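Chemist: Requesting a structural model of the entry that follows:
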Amino acid sequence: MNALKKWIVPIVLGILILFGIGSYNGLVGKEENAKTAWSNVESAYQRRNDLIGNLVKTVQGAADFEKSTLEAVVNARAKATDVTIDPSNINPDQLAKFQQAQSGLKGSLDRLLLVVEKYPDLKANQNFLELQSQLEGTENRINVARDRFN
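Modeler: Residues are numbered from 1 along each chain as shown. Next up is the predicted model:
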C-alpha cells in the first residue's frame, strides 16, 4: 500500500503535464489557423483592390465618365489599402477601422456600378463585363473568407 502511494503523485503529475502540453499545442494550432484565415481575408480584399484598379482604368478609357465618382472610388481604394492589421495583434478597434475602410470602398464601388448603367457602350465592353463578373466573385470570396475567420 505504501509503495502504491509513492507512485500516485508522480503519475498524476505526469498526466497533468501531458494534458498541459497537449492543450498548449492545440492552442498554438488554433492561433495559426486564425492567422491563416485572416491572411485569406486580406488576400480577398487585395484581389478586390487590384480588380478595382483595372475597372477604373477600363471605365476611364471607355467613357467620358463622371469625374467625382471615379475620384471617390480611387480615394476609397487608397484608404482601404492604407489600413492593415497585424494578425498576431488584432484588437476590436483595429478591426473596426479596417472594416470601415473596406465598407467605404464597397460603397464607392456600388455607386460606380450604378453610374455605369447610364453608359450602354461601357456595359457592352467585354473587358468591363469580365471585370464586373470577377468583382462579384471576389465579393463572394471575401464573405466566405470573413466567415471562416470569424
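Chemist: Now do the same contact list for Lys97.
Modeler: Val83 (Cβ atoms under 8 Å, 6 or more residues apart in numbering). Yep, even glycine has a C-beta here, placed from its N, CA and C like the rest.
Chemist: And the helix or strand it falls within, how far out from the chain middle?
Modeler: Lys97 is located in helix 92-116, with elements delineated by DSSP states H and E. Helix 92-116 has its average C-alpha position 12 Å from the chain's average C-alpha position, going by Cα atoms, centre = their mean, to the nearest Å.
Chemist: Without its sequence neighbours, what residue ends up closest to Glu139?
Modeler: In this structure, Glu139 finds its nearest non-sequential neighbour in Arg48, 7.1 Å apart by Cβ to Cβ, 6 or more residues apart in numbering.
Chemist: okay, now that neighbour: neighbour count?
Modeler: 24 (other Cβ atoms under 10 Å).
Chemist: Let me see the contact set for it.
Modeler: Taking Cβ under 8 Å, 6+ apart as the definition of contact, the neighbours of Arg48 are 105, 135, 138-139, 142.
Chemist: Just the buried ones among these, please.
Modeler: Buried subset of the contacts of Arg48 (neighbour count, 16 or more other Cβ atoms under 10 Å): 105, 135, 138, 142.
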